[in-house]
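Asks: Give me coordinates for this.
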Amino acid sequence: MAGVSAGTVDRVLHNRGDVSPQSKAKVQKVLDEIHYQPNVFAIGLAAKKKYSFVCLIPYYIEHDYWHSVVGGIERARQELRPFNVSVDYLCYHQGNKESYLEVCRRVEESNVDAVLIAPNFRNETLALTDYLQAKKIAYAFIDFNMEEANALTYIGQDSYKSGYIAAKILMRNYQAGEGQELVLFLSNNKNSPAEIQMQRRLAGFMSFITEEYEELVIHEVVLNKSNQENNQKTLDEFFRLHPKATLGVVFNSRVYQLGEYLRSAGRSMKGLIGYDLLKANVELLKSGDVHYLIGQRPGLQGYCGVKALCDHVVFKKSVEPVKYMPIDIMIKENIDFYFEFV
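Replies: This is a model prediction of the structure:
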């Protein structure tokens, strides 16, 4: 149908090169016309090669964000077993540069065909991706995108837009006549190179605020991720001095730390928004101590990340460079109806 040899068709189907642009266009035109799809089961049966994938993600515990990511990866791993694809993990301590460097070194020492990366430190990630590019090893990003690293694909939210939307949702609770003030609850390592996800969310959030609320009084409260006792003292003092600070935002998955403080201290806010549908966060959403949660479908990210790498490496299929996750807005009235299909 394309007027070329069977060998040329074979090279186009398997992306082996040595095909002129004109011949490739002819073959692709026919493939599109007949809606060609490879028989993936036949490919799996015929394949002699075993494929090794590795996932670089933070350490996780049950019910946390990364535990959900792993749930999606595990589903993909089960589906890909017939195609001789193995999926393993290298876990690092989030925000710990030495831990992140160690897993990057271990990737370079391994014989892998593809890498799924939850990037943490920018320069260290770029060094790793330079190595992977030189070795022609496919890699994809989840959770956060470093555009300059030229990953095969990025699967996750648009961090900047999610911050912008968070501000737009939260400010529905703003009543100008009451003199309400806004609180940005930030982590103690907010300026760390490891917190680029949070920094982009903050930038998007403040973009909406500066566009719409020039006179709004804004406070920053810095909380320690691991020292809740010190956080309680900080929050006690802050709320004592700022009784009109009734709107708040937490840019990571730890809004439960603030919600639990408010509940135990007998305090409340008129609007509080945070990220991720952790069990503790959802419980506080249902109780009304947290008013909004933004979900980003972590299980679907893990699943789609592994599947995209398999499509590229095993099935030689084209992959979209970006697959944005929905920005899910949860309130107590709809949280019971939410589920993440992966």
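Asks: ok, the closest residue to A127 other than its chain neighbours - contacts?
Replies: Counting by Cβ to Cβ, 6 or more residues apart in numbering, the nearest residue to A127 once its immediate chain neighbours are dropped is C104, at 7.2 Å. Quick note: C-beta positions are derived from backbone N, CA and C, even for glycine. With contacts defined as Cβ atoms under 8 Å, 6 or more residues apart in numbering, the neighbours of C104 are L56, E124, T125, A127, L128.
Asks: Surely C104 is within a helix?
Replies: Yes. Note on C104: a helix contains this position according to DSSP: H, G, I helix; E, B strand; the rest coil.
Asks: Quickly note the distance from it to E283.
Replies: Remark: distance between C104 and E283 (Cβ to Cβ, to the nearest Å) = 36 Å.
Asks: Over to K161?
Replies: Separation of K161 from E283 (Cβ to Cβ): 27 Å.
Asks: can you list the domains in the chain?
Replies: 6-37, 47-156+298-325, 159-295 (the TED database).
Asks: Tell me which of the ones you listed sits nearest to N334.
Replies: Comparison of these against N334 by Cβ to Cβ identifies domain 159-295 as nearest, at 10.0 Å.
Asks: how long is that closest one from one end to the other?
Replies: Chord length of domain 159-295, first to last residue, is 12 Å (Cα to Cα, to the nearest Å).
Asks: Could you check how far that domain is from the centre of its chain?
Replies: Taking Cα atoms, centre = their mean, to the nearest Å, the mean C-alpha location of domain 159-295 is offset from the chain mean by 20 Å.
Asks: So what's the model's average confidence on it?
Replies: Domain 159-295 carries an average pLDDT of 93.
Asks: Now do the residue lying closest to M146 once chain neighbours are set aside against Y131, distance only.
Replies: Once flanking residues are discounted, M146 sits nearest to P119: 5.5 Å by Cβ to Cβ, 6+ apart. P119 sits at a distance of 14 Å from Y131 (criterion: Cβ to Cβ).
Asks: So those two - more neighbours on which side?
Replies: For P119 versus Y131, neighbours defined as other Cβ atoms under 10 Å are more numerous around P119 (25 against 14).
Asks: Please identify which helix or strand holds the more buried one.
Replies: Following DSSP states H and E, one finds P119 outside all helices and strands.
Asks: Would you mind confirming that it is in contact with A140?
Replies: No. With contacts defined as Cβ atoms under 8 Å, P119 does not count as touching A140, sitting 10.6 Å away.
Asks: Stretch 174-193: which residues count as buried?
Replies: Neighbour counts over stretch 174-193 (16 or more other Cβ atoms under 10 Å) mark Y174, Q180, E181, L182, V183, L184, F185, L186, S187, K190 as buried.
Asks: which SS state does I329 fall under?
Replies: Recorded secondary structure, I329: strand (three-state DSSP).
Asks: who's in contact with the residue nearest to the spatial centre of the chain?
Replies: When Cα atoms, centre = their mean is applied to the chain, the residue found nearest the centroid is D143 (1.5 Å). With contact set as Cβ under 8 Å, 6+ apart, D143 has these partners: V69, A118, P119, G156, Q197, Q296, P298, Q301.
Asks: circling back to that earlier point, and the domains of the chain as a markdown table, adding distance to E333?
Replies: A markdown table is the format used below for the domains of the chain (distance: least, Cβ to Cβ, whole Å):
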| stretch | distance to E333 |
| --- | --- |
| domain 6-37 | 42 |
| domain 47-156+298-325 | 22 |
| domain 159-295 | 10 |
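Asks: between those domains, which one is nearest to E340?
Replies: Evaluated over the domains of the chain, closeness to E340 peaks at domain 47-156+298-325, with 5.1 Å, by Cβ to Cβ.
Asks: Show me where the stretch 151-300 of the chain has its helices.
Replies: 159-170, 196-212, 228-241, 255-265, 279-287, 298-313 (DSSP state H, counting those that start in this stretch).
Asks: Who are the packing partners of the third one?
Replies: Under the contact definition 3 or more Cβ pairs under 8 Å, 6 or more residues apart in numbering; DSSP states H and E, helix 228-241 sits against strand 218-223, helix 255-265.
Asks: Return the most buried member of the ones you listed.
Replies: Per-residue neighbour counts averaged over each of the helices and strands packed on helix 228-241 give the maximum for helix 255-265, namely a mean of 19 (mean count of other Cβ atoms under 10 Å).
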